[in-house]
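Undergrad: coords below, sequence missing:
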């Protein structure tokens with residue numbers, strides 16, 4: 001009897017986490033998407049020195065809270081799928097793992113937590129949640145057009161690069177004799 005209850009709990013969890021069509025599944029996905037957005041905003045705010053100086057402890061608490069939440073979600077997904085390795089090696093499985101790792105790496109490697117912006121890739125789940133998968137076909141048409149036009153695109157960007165180098169060099173030559181100019185070399189002028 002307990003085994004049936006365990007299976008039904010596992011089945012219910014699977015339905016919530018993997019099926020966006022059910023009310024609970026949709027609610028889970030919406031909450032997850034908001035958590036992803038808030039975690040990315042927290043990482044971005046942490047990169048602003050004045051905000052980080054004032055709210056460092058709060059931002060760290062949010063960072064760890066989101067990391068623990070995403071780690072639990074990742075482990076649940078592994079536990080609930082029939083083929084855990086297949087999920088772990090899938091695009092979303094790798095993105096889910098990469099969204100957790102930077103915080104843990106930050107304990108050993110300075111600055112690694114900045115990689116948490118990778119979490120924004122998790123927003124690709126929105127296509128499934130909002131039933132936007134049909135729009136992916138439009139993206140495939142665009143990609144096919146870009147691939148077929150790659151030679152023309154390369155020529156265009158190469159021409160723009162040459163023009164930028166020429167214009168930057170000319171501006172450097174014009175301003176190079178000026179005192180206190182911030183444009184002290186051609187690469188800075190190009191930028």
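TA: Yep, that arrived. Treat the numbers as computed from the prediction; the structure is a model and nothing was measured.

Undergrad: roughly how far apart are residue 172 and residue 189?
TA: 4 Å (CB to CB, to the nearest Å). Heads up, the C-betas are built off the backbone N, CA and C, glycines and all.

Undergrad: if you count what's nearby, which of these two comes out ahead?
TA: residue 189 (22 against 18; other CB atoms under 10 Å).

Undergrad: Assign residue 37 to helix, strand or coil.
TA: Assigned by DSSP: H, G, I helix; E, B strand; the rest coil, the conformation of residue 37 is helix.

Undergrad: sorry, that was for residue 179
TA: Residue 179 - assigned by three-state DSSP - is coil.

Undergrad: With the one 5 residues further on instead?
TA: Judged by three-state DSSP, the three-state class of residue 184 is coil.

Undergrad: Tell me how far it lies from residue 115.
TA: Going from residue 184 to residue 115 by CB to CB gives 33 Å.

Undergrad: Neighbour count: those two, which is higher?
TA: residue 115 (17 against 11).

Undergrad: Report the contact partners of the more buried one.
TA: Neighbouring residues of residue 115 by CB atoms under 8 Å, 6 or more residues apart in numbering: 98, 101-102, 105.

Undergrad: Which strands or helices does the helix ranked longest in the chain pack on?
TA: Ranked by number of residues, the top helix in the chain under DSSP state H is helix 49-80. Helices and strands touching helix 49-80, by 3 or more CB pairs under 8 Å, 6 or more residues apart in numbering; DSSP states H and E, are helix 2-18, helix 23-46, helix 84-88, helix 91-105.

Undergrad: and it, average pLDDT?
TA: For helix 49-80, mean pLDDT rounds to 90.

Undergrad: distance between it and the chain's centre?
TA: 15 Å (CA atoms, centre = their mean, to the nearest Å).

Undergrad: Show the contacting residues for residue 98.
TA: Counting by CB under 8 Å, 6+ apart, residue 98 has contacts 115, 118, 121.

Undergrad: how about 7 Å then?
TA: Applying CB atoms under 7 Å, 6 or more residues apart in numbering to residue 98 gives the contacts residue 118.

Undergrad: swap in residue 93?
TA: Counting by CB under 7 Å, 6+ apart, the residues that residue 93 touches are residue 87.

Undergrad: returning to that earlier point: next, format the contacts of residue 115 as TSV and append distance to residue 74 and pLDDT.
TA: Formatted as TSV, the contacts of residue 115 follow (distance: CB to CB, whole Å; pLDDT from 0 to 100):
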residue	distance to residue 74	pLDDT
98	10	82
101	10	85
102	13	82
105	15	83
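
Undergrad: returning to that earlier point: just want the angle from the longest helix of the chain to helix 91-105.
TA: 130 degrees (axes from the mean of the first three to the mean of the last three CA atoms, to 10 degrees).

Undergrad: by how many degrees do helix 49-80 and helix 23-46 diverge?
TA: 150 degrees.
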